[in-house]
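Undergrad: Predicted model and sequence follow; I will ask about them next.
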Amino acid sequence: MAMPLVPMLLVATSSPSQTKAVAAAIADLCVAGDLLLLMGDLGAGKTAFTQGFGAALGITDAITSPTFTLARRYEGRLRLNHLDVYRLEQMSEVLDLDLPELLDGNTVTVIEWGDAIAPALPADYLELRITFGEGDDDRMIDFRTVGPRWAARERRLSAALAPGTTSTDDAGAGPEDGDQC
């Protein structure tokens, strides 16, 4: 029986601008080769997250969802590959994306609906699950590290997201007073 996934960190936001600020904090920690998988229902804020992430990388182009093009590339401090795999119907279609090339070089890759293709990806990424909160703009963002790249940065990640961070592991946790990011 599979074990349920436990988030490493849980962050609450109450506006798209706060979600973008969380994304900017994550972007500041990114290095070439990093991979982020975004999950969440339609309208949860995956593209808003990516917009804040890109802005923090110095990208000035408008970042839009690549739902119909599958992938977009933006130039900033690091090249941002932004993928949306919502429309992929079969794992075999992942081969058409040429993922090894996208994950190579001075790039960081963000994949919306990334859980759909996780088996085809290197097991080394930051997973973000964005869920709706009680209010219209309230969101909960669960962070989980998979593999050594992000696991080595868990303390820095926790510090970057505090206040408003709750850790499932008290080591490196931020305050749990409910402050918003």
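TA: Looks like it arrived, so ask away. Computed from a prediction, not measured in an experiment: that's the story for all the values here. Numbers count the residues shown, from 1 in each chain.

Undergrad: By mean pLDDT, flag the weakest helix or strand of the protein.
TA: The helix or strand of the chain with the poorest confidence is strand 165-167; it has a mean of 48 (mean pLDDT, DSSP states H and E).

Undergrad: I'd like to know the phi and psi angles of Glu75, please.
TA: phi -100, psi 130 (degrees, to the nearest 10).

Undergrad: Pull the number of nearby residues for it.
TA: Neighbours of Glu75 under the rule other CB atoms under 10 Å: 13. Where C-beta positions appear, they are placed from N, C-alpha and C, glycine not excepted.

Undergrad: Near Gly54, how many residues? Count them for me, please.
TA: Counted with other CB under 10 Å, the neighbours of Gly54 add up to 26.

Undergrad: what sits against it?
TA: 27, 61, 63, 74, 76, 80, 82 (CB atoms under 8 Å, 6 or more residues apart in numbering).

Undergrad: Can I get the buried part of those residues as one ChimeraX selection?
TA: What follows is the ChimeraX syntax selecting those of those that are buried according to 16 or more other CB atoms under 10 Å:
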select :27,63,74,76,80,82
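
Undergrad: Quick check: the farthest pair among the contacts of Gly54?
TA: By the measure CB to CB, Ala27 and Asp61 form the most distant pair in the contacts of Gly54, at 15.1 Å.

Undergrad: now stretch 59-67: mean pLDDT?
TA: Stretch 59-67 shows a mean pLDDT of 90.

Undergrad: okay but Pro16 is in contact with Ala48, surely?
TA: Yes - between Pro16 and Ala48 there is a contact under CB atoms under 8 Å: 4.7 Å.

Undergrad: Please consider this matter closed, and thank you.
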